[in-house]
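K.L.:
give me a 3D structure for the following:
(one chain, ligands or ions: 3)
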Amino acid sequence: MAETKRIAILGGDGIGPEVVAEAEKVLKKTEELFGVQFETEHALFGGVAIDQKGTPLPEETLELCKSADAVLLGAVGGPKWDNNPKELRPETGLLGIRKQLGLFSNIRPAVIFDCLKEASTLKPEVLEGTDLIVVRELTGGIYFGEKFRRDTENGQEAVDTCAYNEKEVERIVRQACEVARKRRKKLTSVDKANVLETSRLWRETVNRIAADYQDVELEHVLVDNCAMQLLRRPASFDVIVTENMFGDILSDEAAMLTGSIGMLASASLGEGSLGLYEPVHGSAPDIAGQGVANPIATILSVALMYKLSFNWQEAGDVIENAVKKVLDAGHRTADIAVDKSKAVGTSKMGDLIVEAMVR
Ligand SMILES: NC(=O)c1ccc[n+]([C@@H]2O[C@H](COP(=O)([O-])OP(=O)(O)OC[C@H]3O[C@@H](n4cnc5c(N)ncnc54)[C@H](O)[C@@H]3O)[C@@H](O)[C@H]2O)c1
Ligand SMILES: CC(C)[C@H](C(=O)O)[C@@H](O)C(=O)O
Ligand SMILES: [Mg+2]
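P.N.:
Residues are numbered from 1 along each chain as shown. Ligands and ions are numbered 1, 2, ... in the order given. Sure thing, here's the model as predicted:
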């Protein structure tokens, strides 16, 4: 890594700051191990930003992110803000930051650690060989279409519009094809083309773009079937590309193949080199403040940051190997522990991973 990298750190709400604190220990350890220095700066985002600045995504937070090389994010949201008007919910900030930074591609790898097969909901023989990535379109679809309410003779009606244009589909599919090309060269496109017009355009576009990637095997699977096949034949998937909401749902499902949502890292990327890295999970209000959250998803998101934004494979591998070593040694947070009485807390898990980081 040649020049100093600037990392914007947004802890957010609930367990967000707890897991991000562990990822920051990993950043520090990287500095020690490789003799580099990161420039890090914290900013308010989500519910805490609403409380202190009156908006989930303050201008100064957005500016900091735009000027950074990468953004590390915890999670946002929680019951405290659930009854806010819709433009003042933490999630609005999350959609806003993705859109404003142009992060249309959300990469969510479901990495199965052998020793965690016991924690998975699936039988080890079904899981055998599972290694998949969900590539989720992140700035279009029903999340971003027009939404409104109106009065009708049957009471209020609520409308959410799902729209996709060809350019939006093309760029995510191209990216997914590139990802597949570097892996096992299999692409599964997931849609609901038997019902939705957006899915029909999606499928046509996938077929057109995939024609440029003859070395990549393509299959189309309807989303309901995919939800089922993920549990039936998870090892048959390599790269799954899908629209925004389907990707949101399928990636939480894929998390359970790994043992816990606390294991799933993510990278959100656009046309430029700026990336946003966050665990797939949310602010987990049910366990926030207890020091029991699993920090591994966030720590693995730092590994993705090194690899994808800093083009620094070696440092990413150091983190991934450390996580594997700690899990192989039998250490578990409560979410992945079979014997919960032996589980370690968030901070201890972070310390163990940092100790295990070697070049
Ligand atoms: N990217 C984000 O910031 C993001 C993502 C998802 C949900 N959310 C928000 O988070 C809030 C809570 O949402 P939810 O409860 O539906 O989903 P959640 O992911 O926060 O929690 C779902 C379940 O998984 C558990 N869990 C999540 N992360 C964990 C971890 N690291 N270690 C151990 N257990 C973990 C929680 O305790 C809970 O039982 C909502 O406001 C939601 O909108 C934010
Ligand atoms: C909190 C919510 C808006 C968000 C999403 O649906 O994108 C979350 O579930 C995620 O997966 O990052
Ligand atoms: Mg989600």
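
K.L.:
look up how far residue 19 lies from the nearest residue to residue 322 once chain neighbours are set aside.
P.N.:
Excluding the flanking residues, the one nearest residue 322 by Cβ to Cβ, 6 or more residues apart in numbering is residue 356, at 3.9 Å. For the C-beta atoms, the positions are set from N, CA and C on the backbone; glycine is no exception. Distance, residue 356 to residue 19, using Cβ to Cβ, to the nearest Å: 18 Å.

K.L.:
and what of residue 113?
P.N.:
Taken as Cβ to Cβ, the span from residue 113 to residue 19 is 18 Å.

K.L.:
these two: which has the busier surroundings?
P.N.:
When neighbours are counted by other Cβ atoms under 10 Å, residue 19 comes out ahead of the other of residue 113 and residue 19, with 31 against 19.

K.L.:
alongside ligand 2, which residues does the stretch 151-300 of the chain contribute?
P.N.:
With the criterion set to Cβ under 6 Å from any ligand atom, the stretch 151-300 of the chain comes near ligand 2 through 248, 280, 282.

K.L.:
sort out for me which of these are in strands.
P.N.:
Using DSSP state E, no member of these falls within strands.

K.L.:
among these, who's most crowded?
P.N.:
For those, neighbours tallied by other Cβ under 10 Å; top is residue 280, 24 neighbours.

K.L.:
ok, that residue - contacts?
P.N.:
Neighbour list for residue 280: 108, 251, 252, 255, 261, 264, 265, 266, 297 [criterion: Cβ atoms under 8 Å, 6 or more residues apart in numbering].

K.L.:
what stretches of this structure score poorly on pLDDT?
P.N.:
Residues of the chain meeting the criterion pLDDT under 70: 2.

K.L.:
residue closest to the middle of it?
P.N.:
residue 266 (2.9 Å; Cα atoms, centre = their mean).

K.L.:
isn't that residue right up against residue 298?
P.N.:
No. Residue 266 is beyond contact range of residue 298, at 10.0 Å (criterion: Cβ atoms under 8 Å).

K.L.:
joint contacts of the two?
P.N.:
278, 279.

K.L.:
how about residue 219, phi and psi?
P.N.:
Main-chain torsions, residue 219, degrees, to the nearest 10: phi -130, psi 150.

K.L.:
scratch that, residue 43 is what I was asking about
P.N.:
Per degrees, to the nearest 10, the backbone of residue 43 is at phi -150, psi 160.

K.L.:
next, count neighbours for the residue nearest to it when sequence neighbours are not counted.
P.N.:
Of all residues not flanking residue 43 in the chain, residue 61 sits nearest, at 4.2 Å (Cβ to Cβ, 6+ apart). Neighbours of residue 61 under the rule other Cβ under 10 Å: 23.

K.L.:
now residue 155
P.N.:
For residue 155, using other Cβ under 10 Å, the count is 6.

K.L.:
the most far-flung residue of the chain relative to its centre and ligand 2: what is the separation?
P.N.:
Residue farthest from the centre of the chain, counting by Cα atoms, centre = their mean, is residue 153 at 41.6 Å. For residue 153, the distance to ligand 2 (Cβ to the nearest ligand atom, to the nearest Å) stands at 33 Å.

K.L.:
again, but for residue 196
P.N.:
Following Cβ to the nearest ligand atom, the distance that separates residue 196 from ligand 2 is 18 Å.

K.L.:
distance of the closest residue in space to that residue that isn't next to it in sequence from residue 354?
P.N.:
Spatially, and ignoring its direct neighbours in sequence, residue 196 is nearest to residue 162 (7.0 Å; Cβ to Cβ, 6+ apart). According to Cβ to Cβ, residue 162 and residue 354 sit 43 Å apart.
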